[in-house]
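pasted the sequence and its predicted model underneath.
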Amino acid sequence: MADLNLPVLDLSQLDQGPDAAARFRDDLRAATHDVGFFYLTGTGVSPALEERLLQAAKDFFALPEAEKLSIENVTSPHFRGYTRVGGERTQGRVDWREQIDIGPEREPIVDPDGPGFNRLVGPNLWPAAQPELKDVVAEWHEHLTGVARRLLGAWAVALGADEHFFDDHFGDPQTLIKIVRYPGKDDPTPQQGVGAHKDSGVLTLLWVEPGKGGLQVQRDGEWVDAPPVPGAFVVNIGELLEHATQGYLTATNHRVISPTFPDERISVPFFFNPALDTRLPIMELPAELAAQSRGVTQDPSNPIYATYGENALKSRLRAHPDVAERWHPDLVAARAAS
């Protein structure tokens, strides 16, 4: 553990008495102020559930191409379903991975005068050849939602607010689960599994196949490895939490380098975010913390919006230009004109 480039926090400290809980909150605040990333153990996720999820992921990616393409995301105006290798982009460059995107199961919103981000609401696409995938994802979603809510409560207290500060905004969260496979590359030069980016929401819990590296985090201008830790999630905050704390907490660039053929890598990020129309209020930090706020990152090519749905839509339109062009040409044109 001493050689790791990110801090390691134990969520179970919240159940070990006031002193241990206070230490956890202090460590949580420090980790996300300093780097925006940490490892989280003590989540209560069982090895059996992890194994079921990994097997379901491998089974899905082993399906015949026609089965996977039957739920290809270009058939979904809501950016759900399967993305083939090379079908997603970061910073305009192709990501070398395939994945399935799964969000809250909802009826589409039909309102031509509503905000553009309403188009992210809709049903998922599930492979008919693998009905068990839906069940394991539902169990994973339920457990990680509980972990995310505990973290948000701990953050609130650590930042001088009431434990339930975030509750009003996460009653109906806009979650996203990506089940991702990074195939191996036989080119010896590093390849973009997913390019450098910051997450657009509040909180990400990343599960990585045991023993599989590739994740890198930017610290002090340098890329450092974040190898998987047995029994731990990699946790990072997104742009919306940076905005809510006016830069006291920081969203950090990260990327994935493709494995070398014939190796491959499975990872499952879980994004926990508020309802699409939520504007997280600016937190009134204690004076000693407010004095350390760095302000929200200003990047003209990547504006941070206060409303989560605007951030989410920005991310989806950029990542999946084929879906955007097929279903949302008006949104693409509006952004090009702005």
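Thanks, I have it.

assumed Gly171 was part of a strand.
No: going by DSSP: H, G, I helix; E, B strand; the rest coil, the assignment for Gly171 is coil, not a strand.

so who does it touch?
Ala275 (CB atoms under 8 Å, 6 or more residues apart in numbering). (Glycine included, C-beta is placed from N, CA and C.)

quick check: it vs Leu205, distance?
19 Å (CB to CB, to the nearest Å).

same question, Gly44
Distance from Gly44 to Leu205, by CB to CB: 13 Å.

and for Leu144?
With distances taken as CB to CB, Leu144 is found 5 Å from Leu205.

ok, Pro127 next?
24 Å.

which one of these two has more residues nearby?
Shown here are Pro127 and Leu205; by other CB atoms under 10 Å, Leu205 has more neighbours (23 against 18).

wait, is that one part of a strand?
Yes: under three-state DSSP, Leu205 falls within a strand.

so it sits against Phe270, correct?
Yes: with contact defined as CB atoms under 8 Å, Leu205 reaches Phe270; the gap is 4.5 Å.

which residues do the two both contact?
Common neighbours of Leu205 and Phe270 (CB under 8 Å, 6+ apart) are Leu144, Ala148.

tell me where the model's unsure across the stretch 51-200 of the chain.
87-94, 188-194 (pLDDT under 70).

which parts of it are strands?
81-83, 89-90, 93-94, 98-102, 176-183, 192-197 (DSSP state E, counting those that start in this stretch).

circling back: what's the overlap in contacts for Gly44 and Leu205?
Val147.

Ala154 - nearest residue in space that isn't next to it in sequence?
Arg25 (5.1 Å; CB to CB, 6 or more residues apart in numbering).

give me the beta-bridge partners of Val208?
Using DSSP bridges, the bridge partners assigned to Val208 are Ser267.

am I right that it is in contact with Pro230?
No: at 10.4 Å, Val208 and Pro230 do not qualify as touching, with contact defined as CB under 8 Å.

which residues touch the residue nearest to Ala154?
So Arg25 contacts Ala154, Trp155, Val157, Ala158 (CB under 8 Å, 6+ apart).

give the contact list for the closest residue to Arg181 other than its chain neighbours.
In space, and not counting its chain neighbours, Arg181 is closest to Phe61: 4.6 Å by CB to CB, 6+ apart. Residues near Phe61 by CB under 8 Å, 6+ apart: Lys68, Glu98, Arg181, Ile266.

which of the contacts of Arg25 has the largest number of neighbours?
Trp155 leads those on contacts (other CB under 10 Å) with 25 neighbours.

could you check how far it is from Gly195?
With CB to CB as the criterion, Trp155 and Gly195 are 28 Å apart.

got it, and Gln216?
From Gln216 to Gly195 the distance is 11 Å (CB to CB).

which residues do these two both contact?
Arg255.

more neighbours: these two, which one.
The neighbour count for Gln216 versus Gly195, taken as other CB under 10 Å, is higher for Gln216 (21 against 18).

just to check, Asp172 is in contact with Asn273?
No: using CB under 8 Å, Asp172 makes no contact with Asn273, being 10.8 Å away.

got the contact list for Arg84?
Lys68, Leu69, Glu72, Glu98.

wait, Leu215
With contact set as CB under 8 Å, 6+ apart, Leu215 has these partners: Leu206, Val208, Asp225, Ala226, Pro227, Pro228, Val234, His254, Arg255, Val256, Ser267.

residues near the fourth one, how many?
Okay, so that is Ala226. Applying other CB under 10 Å, I find that Ala226 has 24 neighbouring residues.

repeat for the one 3 residues further on
By the measure other CB under 10 Å, the count of residues near Val229 is 17.

if I look at it, how far off is Ala21?
Counting by CB to CB - Val229 and Ala21 are separated by 22 Å.

thought Leu289 was touching Leu249?
No: assessed by CB under 8 Å, Leu289 is found out of contact with Leu249, at 9.8 Å.

more neighbours: these two, which one.
Neighbour tally, Leu289 and Leu249, criterion other CB under 10 Å: the higher count belongs to Leu249, 27 against 17.

excluding chain neighbours, what is closest to that one?
Thr32 (4.7 Å).

show me where the stretch 201-338 of the chain has strands.
Secondary structure of the stretch 201-338 of the chain by DSSP E, counting those that start in this stretch: the strands cover 203-208, 215-219, 222-225, 233-237, 254-257, 264-272.

right, and these - which one's nearest His320?
His320 lies closest to strand 264-272 among the strands of the stretch 201-338 of the chain, at 15.3 Å (CB to CB).

which elements pack onto that closest one?
helix 47-61, helix 132-158, strand 176-183, strand 203-208 (3 or more CB pairs under 8 Å, 6 or more residues apart in numbering; DSSP states H and E).

could those be laid out in a markdown table, adding distance to Pro281?
Below are the helices and strands packed on strand 264-272 laid out as a markdown table (distance: least, CB to CB, whole Å):
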| stretch | distance to Pro281 |
| --- | --- |
| helix 47-61 | 35 |
| helix 132-158 | 12 |
| strand 176-183 | 23 |
| strand 203-208 | 17 |
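
which among the ones you listed is found nearest to Thr83?
Evaluated over these, closeness to Thr83 peaks at strand 176-183, with 9.1 Å, by CB to CB.

hang on, the earlier thing: now list whatever residues contact both of Leu144 and Leu205.
Contacts common to Leu144 and Leu205, judged by CB under 8 Å, 6+ apart, are Phe270, Phe272.
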